[in-house]
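Engineer: Turn this into a structure:
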Amino acid sequence: MKYETVIGLEVHLHLNTRTKAFCGCSTEFGNKPNSQTCPVCLGFPGSLPVYNKTALDYAIKVALALNCQVQEYTKFDRKNYYYPDLPKNYQISQYDLPLSLAGFLDIEIEGKNKRIGITRVHMEEDAGKLIHKDSVSLVDLNRAGVPLLEIVSEPDISSPEEAREYLSTLKNTLEYLEVSDCDMEKGSLRCDANISIRLRGEKKLGVKIELKNMNSFKAVRDALAYEEERQARVLDDGEKLVQETRLWDEKEGATVVMRTKEGAQDYRYFPEPDLPPFMLTKSKIEEIRSALPESPKEKRMRFVKDYALTESDAKRLTVSKKDADFAEGLLKISKDKKVAANWLIGPLASVASDNICSISKLKINGGAAELNNLINLERSGVISNLVAKAVLSEMVKSGKTSAEIIKEKNLGQISDSGQLESIVEKVISANPKSVADFKSGKGNALMFLVGQAMKRSQGKANPKVLQDLFKRRLSNA
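Structural biologist: Next up is the predicted model:
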């Protein structure tokens, strides 16, 4: 408790436009290296950039969703950048007149709301990708010039866990806008973190260290946690911290020095001479604002109101927009919203986990309507809950409907007490201790006996009928 942590995050977001920021080259991921380039993104003399209109609309959309003030006058600047992944030796970015300022994002920490300030959301282009191999470095310029947004937070984040929650909430918000796939593995969403520590109660900020090379939210949290401890050790040893950029080495679980940190004077910003300033009308900004989709928080609140779900269930069902849309498709047609929600966050989520995908990507022939048919078959007693879960797995594997699977495998639920009496007798004979426990008033013993009977019937027996049979048989014994 001697020190307090101050964290600010810089998130870089690829916009999912078909073409690059300033030219007509494709932004498609994964193609042959250096196959998506032209004189503009290679910085050839005499080539002139023209900004992508869709990228501008997407940028305004993101700024408004993050409660920023979109500026009616904005311009691009040149940021001098002497690395081989941008061959023209500068990046087209924004400096003193960015697209937007002064926004915020609310996050939830330990059940309490915390507001994190957004300093700015500005437009720029991405660099290419350097690949270091043995004694050589290779460059792939397919990514050079892809439209990028930089989302800079205020230093309002006080712990590595808060940083992770901020990133998770931000990613959720951006996915709902459908302006980016937010895929960290592809580099569509990247995060640099600035962290400093200071004596608790101090007002002056400590020496800022920038962290890079973090490819997951967990890596961001772990790198920040390590850096907290490292900086505290340096200060406790009476040494001074130096402003620098450090890389996160996930294998070693440590940060390592990359370079001393550049400042604005090193980048030598000046207005981009090949692009005129933008004049954004209020009507254009309001047109985009009015078309903003429902936010994750708004959808969550509506799920609670419209479908009588708990806040916890609603939160789980709205983490992903595609999953939320699938869930709503089921909830709208379901007779019992709570039962449908339980299926979504229970069996369906389990099958999705087994298939390493989200619930919306499960291949269910007939989608939400067919899933609703399966739930109704279980609710009406045609099949047991155990069988229904097995049928769901088979539906995903085979692409068949629930009715086809039940008919083919003869999985209909047995509710005839005459057919179940022999199973009940065998279970009673095999479990004398549980029988004695039931007779002594232990209610859990009955559920154990029912479970054993369900196993013997391969999940086909009606559990309610079994309960009645066991109660009747043991009360008369």
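
Engineer: Mind naming the longest helix for the protein?
Structural biologist: helix 217-236 (DSSP state H).

Engineer: So which bits of that helix are buried?
Structural biologist: Residues of helix 217-236 classed as buried by neighbour count (16 or more other C-beta atoms under 10 Å): 217, 219-228, 230-231, 235. Placement of C-beta: from N, CA and C, glycine included.

Engineer: Check stretch 56-70 too.
Structural biologist: Those would be 56-66, 68, 70, for stretch 56-70 by 16+ other C-beta under 10 Å.

Engineer: Which residues does that stretch contact?
Structural biologist: 13, 15, 17, 99-105, 118, 120-121, 123, 147, 149, 151, 173-174, 176-177, 179-180, 278, 280, 284-285, 288-289, 292, 295 (C-beta atoms under 8 Å, 6 or more residues apart in numbering).

Engineer: Skip the chain neighbours and tell me the closest residue to residue 222.
Structural biologist: Take residue 222 and drop its neighbours on the chain: the residue closest to it by C-beta to C-beta, 6 or more residues apart in numbering is residue 253, 7.0 Å away.

Engineer: List the contacts of residue 187.
Structural biologist: 14, 129, 143.

Engineer: Which of the three states applies to it?
Structural biologist: On the three-state scheme (DSSP: H, G, I helix; E, B strand; the rest coil), residue 187 is labelled coil.

Engineer: ok so, going back, among the contacts of stretch 56-70, name the buried ones.
Structural biologist: Counted by 16+ other C-beta under 10 Å, the contacts of stretch 56-70 give 13, 15, 17, 99-101, 103, 105, 118, 120-121, 123, 147, 149, 151, 173-174, 176-177, 179-180, 278, 280, 285, 288 as buried.

Engineer: if you look at these, which of them are in helices?
Structural biologist: Judged by DSSP H, helices contain the following of the buried ones among the contacts of stretch 56-70: 173-174, 176-177, 285, 288.

Engineer: So this structure: which segments form each domain?
Structural biologist: For the chain, the structural domains run 3-287, 296-409, 417-475, going by automatic domain parsing.

Engineer: so for the longest helix of the chain, what's the average pLDDT?
Structural biologist: Taken as a whole, helix 217-236 has a mean pLDDT of 91.

Engineer: Show me what secondary structure element comes after that helix.
Structural biologist: Per DSSP states H and E, the first helix or strand lying C-terminal to helix 217-236 is strand 244-249.

Engineer: Can you give me the buried ones in that next one?
Structural biologist: 245-248.

Engineer: likewise stretch 432-448?
Structural biologist: 434-435, 437-438, 445-446, 448.

Engineer: Specify which member of these is nearest to residue 83.
Structural biologist: Closest approach to residue 83 among the buried residues of stretch 432-448 (C-beta to C-beta): residue 448, at 66.5 Å.

Engineer: give me every residue that touches that closest one.
Structural biologist: Counting by C-beta under 8 Å, 6+ apart, residue 448 has contacts 431, 434.

Engineer: For it, what is the enclosing helix or strand?
Structural biologist: With DSSP H and E as the test, residue 448 turns up in helix 443-456.

Engineer: following that helix, which helix or strand shows up next?
Structural biologist: Toward the C-terminus from helix 443-456 - assigned by DSSP H and E - lies helix 463-475.

Engineer: Any buried residues in that next one, and which?
Structural biologist: Those would be 463, 465-466, 469-470, 473-474, for helix 463-475 by 16+ other C-beta under 10 Å.

Engineer: Likewise for stretch 106-114?
Structural biologist: Under the neighbour-count rule (16+ other C-beta under 10 Å), stretch 106-114 has 107, 114 buried.

Engineer: Would you agree residue 141 is in contact with residue 85?
Structural biologist: Yes. The criterion here is C-beta atoms under 8 Å, and residue 141 meets it with residue 85 at 7.3 Å.

Engineer: Looking at the two now, which is surrounded by more residues?
Structural biologist: residue 141 (22 against 18; other C-beta atoms under 10 Å).

Engineer: Excluding chain neighbours, what is closest to the more buried one?
Structural biologist: Per C-beta to C-beta, 6+ apart, closest to residue 141 is residue 128, 4.0 Å.

Engineer: Out of the buried residues of stretch 432-448, which is nearest to residue 79?
Structural biologist: Nearest to residue 79 among these, with distances taken as C-beta to C-beta, is residue 448, at 68.6 Å.

Engineer: can you redo the buried residues of stretch 432-448 as JSON lines with pLDDT?
Structural biologist: Putting the buried residues of stretch 432-448 into JSON lines (pLDDT from 0 to 100) gives the following:
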{"residue": "434", "pLDDT": "83"}
{"residue": "435", "pLDDT": "81"}
{"residue": "437", "pLDDT": "78"}
{"residue": "438", "pLDDT": "80"}
{"residue": "445", "pLDDT": "81"}
{"residue": "446", "pLDDT": "81"}
{"residue": "448", "pLDDT": "86"}
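
Engineer: of all these, which comes closest to residue 394?
Structural biologist: Comparing those against residue 394 with C-beta to C-beta places residue 448 closest, at 27.7 Å.

Engineer: Compute the distance between the closest one and residue 454, please.
Structural biologist: 11 Å (C-beta to C-beta, to the nearest Å).

Engineer: quick one: low-confidence parts of the stretch 151-300 of the chain?
Structural biologist: 259-265 (pLDDT under 70).

Engineer: Narrow the contacts of residue 187 to those in strands?
Structural biologist: The strands, defined by DSSP state E, take in 14, 129 from the contacts of residue 187.

Engineer: out of the contacts of residue 187, who has the most neighbours?
Structural biologist: residue 14 (23 neighbours).

Engineer: Could you list which residues are in contact with that residue?
Structural biologist: Residue 14 makes contact with 27, 126, 146-148, 180-181, 186-189, according to C-beta under 8 Å, 6+ apart.

Engineer: Which of those residues sits closest to residue 49?
Structural biologist: Distances from residue 49 to the contacts of residue 14, taken by C-beta to C-beta, are shortest for residue 147, at 11.5 Å.

Engineer: mind checking how far the closest one is from residue 340?
Structural biologist: Taken as C-beta to C-beta, the span from residue 147 to residue 340 is 39 Å.

Engineer: What of residue 418?
Structural biologist: From residue 418 to residue 340 the distance is 34 Å (C-beta to C-beta).

Engineer: and if you look at residue 188?
Structural biologist: Counting by C-beta to C-beta - residue 188 and residue 340 are separated by 32 Å.

Engineer: Comparing these two, which shows the higher neighbour count?
Structural biologist: Legend: neighbour count by other C-beta under 10 Å for residue 188 and residue 340, higher for residue 340 (24 against 20).

Engineer: Alpha carbons of the helix or strand hosting that one, in CSV - could you do that?
Structural biologist: Element membership for residue 340 (DSSP H and E) is helix 337-343. Presented in CSV, the C-alpha positions along helix 337-343 are these (Å, rounded to 0.1, in the frame of the first residue of the first chain):
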residue,chain,number,x,y,z
LYS,A,337,-37.9,-16.9,-21.1
LYS,A,338,-36.0,-18.1,-18.0
VAL,A,339,-35.9,-21.7,-19.3
ALA,A,340,-34.5,-20.4,-22.6
ALA,A,341,-31.9,-18.3,-20.8
ASN,A,342,-30.8,-21.3,-18.8
TRP,A,343,-30.4,-23.3,-22.0
